[in-house]
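Enquirer: Sequence plus predicted model, see below.
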Amino acid sequence: MWKWLNRANPEPSFGEFRRKFDQMLGHGRHVFDLASNAILGGADPDVIRDDLFRTDKKINKLERLIRREIVVHATVHGTSQLPSCLVMMSIVKDAERVGDYAKNMFDIAAQTAKKRDDIHADLVKLKAAVSALLAEARDLYGSQEEAGARDFCLRADKLTDHCDQQVNRMVGTEPGTSQPALSALAYRYHKRVMAHLQNIVTSIFMPVDQLDYFDEDKASRDS
């Protein structure tokens with residue numbers, strides 16, 4: 001998709017869009033790490049609250065700026081630019097949703113009692129993996145490396161399967177698990193962050209009409 005987009009839009013304005021989008025991804029990783037630490041690492045929610053919500057506001061501001069720039073670009077260049085502008089609107093929303101799910105994770109932090117040791121250890125491991133994927137997605141977006149993007153999506157897909165398996169274990173089937181509903185939510189939020197990252201990374205190697213392929217395909221397999 002990006003090869004087509006760059007050919008269709010050589011103007012400097014698209015370089016500015018990519019710079020702002022890169023900032024969104026960086027902020028997304030920061031709020032994810034803050035929220036995860038509140039749930040898993042024992043960080044005091046009151047201490048990190050201001051930083052998390054301040055950073056999320058930066059993400060939202062960047063999304064609005066990019067949207068305005070897209071509208072201006074489409075107005076100036078006419079309908080010929082409409083497909084590329086719609087694509088950009090799509091992946092920008094994926095980046096914004098990372099911040100939203102981080103806030104969802106933060107909201108359950110204060111309600112989460114100490115989890116059973118094996119669940120807590122698994123969530124800590126999952127958090128580290130997703131945080132690394134957030135950084136890797138940003139690097140791949142910058143390098144546009146197709147082979148690395150495909151490998152990224154395969155690895156992320158395995159982690160989303162693991163989240164589903166853990167949720168299925170806990171919901172009504174695991175006696176003795178402390179607050180299984182909150183643990184299940186933590187897995188679901190991690191899974192959704194990865195799904196939005198996959199949507200962004202697939203833009204490196206999927207054609208425009210199949211953007212969001214991994215997320216949609218996964219949903220059809222799960223249904």
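Expert: Structure's in. What do you need?

Enquirer: Could you list the low-confidence segments of the protein?
Expert: 1-14, 79-81, 83, 110-117, 171-179, 207-223 (pLDDT under 70).

Enquirer: where along it do the helices fall?
Expert: Counting by DSSP state H, the chain has helices at residues 2-8, 12-40, 45-77, 82-109, 117-143, 146-170, 180-202, 213-222.

Enquirer: Tell me which of those helices is the most buried.
Expert: helix 180-202 (a mean of 23; mean count of other Cβ atoms under 10 Å). (Glycine included, C-beta is placed from N, CA and C.)

Enquirer: Give me the angle between that one and helix 82-109.
Expert: 160 degrees (axes from the mean of the first three to the mean of the last three Cα atoms, to 10 degrees).

Enquirer: counting contacts, what elements does helix 180-202 pack onto?
Expert: helix 12-40, helix 82-109, helix 117-143, helix 146-170, helix 213-222 (3 or more Cβ pairs under 8 Å, 6 or more residues apart in numbering; DSSP states H and E).

Enquirer: Run the chain-centre distance for that helix.
Expert: 8 Å (Cα atoms, centre = their mean, to the nearest Å).

Enquirer: what does stretch 62-82 give?
Expert: Worked out by Cα atoms, centre = their mean, stretch 62-82 lies 23 Å from the chain centre.

Enquirer: Please save the CA atoms from it in PDB.
Expert: Extracted C-alpha coordinates of stretch 62-82, given in PDB (Å, rounded to 0.1, in the frame of the first residue of the first chain):
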ATOM      1  CA  LEU A  62      -2.200  14.500  16.500                       C
ATOM      2  CA  GLU A  63      -5.200  12.500  15.100                       C
ATOM      3  CA  ARG A  64      -7.200  15.700  14.700                       C
ATOM      4  CA  LEU A  65      -4.300  17.500  13.100                       C
ATOM      5  CA  ILE A  66      -3.700  14.700  10.600                       C
ATOM      6  CA  ARG A  67      -7.400  14.500   9.800                       C
ATOM      7  CA  ARG A  68      -7.600  18.300   9.100                       C
ATOM      8  CA  GLU A  69      -4.500  18.000   6.900                       C
ATOM      9  CA  ILE A  70      -6.100  15.100   5.000                       C
ATOM     10  CA  VAL A  71      -9.300  17.200   4.400                       C
ATOM     11  CA  VAL A  72      -7.300  20.100   3.200                       C
ATOM     12  CA  HIS A  73      -5.200  17.900   0.900                       C
ATOM     13  CA  ALA A  74      -8.300  16.300  -0.600                       C
ATOM     14  CA  THR A  75      -9.900  19.700  -1.100                       C
ATOM     15  CA  VAL A  76      -6.900  21.000  -2.900                       C
ATOM     16  CA  HIS A  77      -6.200  18.000  -5.100                       C
ATOM     17  CA  GLY A  78      -9.700  16.900  -5.800                       C
ATOM     18  CA  THR A  79     -11.300  13.400  -6.000                       C
ATOM     19  CA  SER A  80      -8.200  11.800  -7.500                       C
ATOM     20  CA  GLN A  81      -6.700  11.900  -4.000                       C
ATOM     21  CA  LEU A  82      -9.700  10.500  -2.200                       C
END
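
Enquirer: Can you tell me, leaving aside adjacent residues, what's nearest to K103?
Expert: Take K103 and drop its neighbours on the chain: the residue closest to it by Cβ to Cβ, 6 or more residues apart in numbering is D56, 6.1 Å away.
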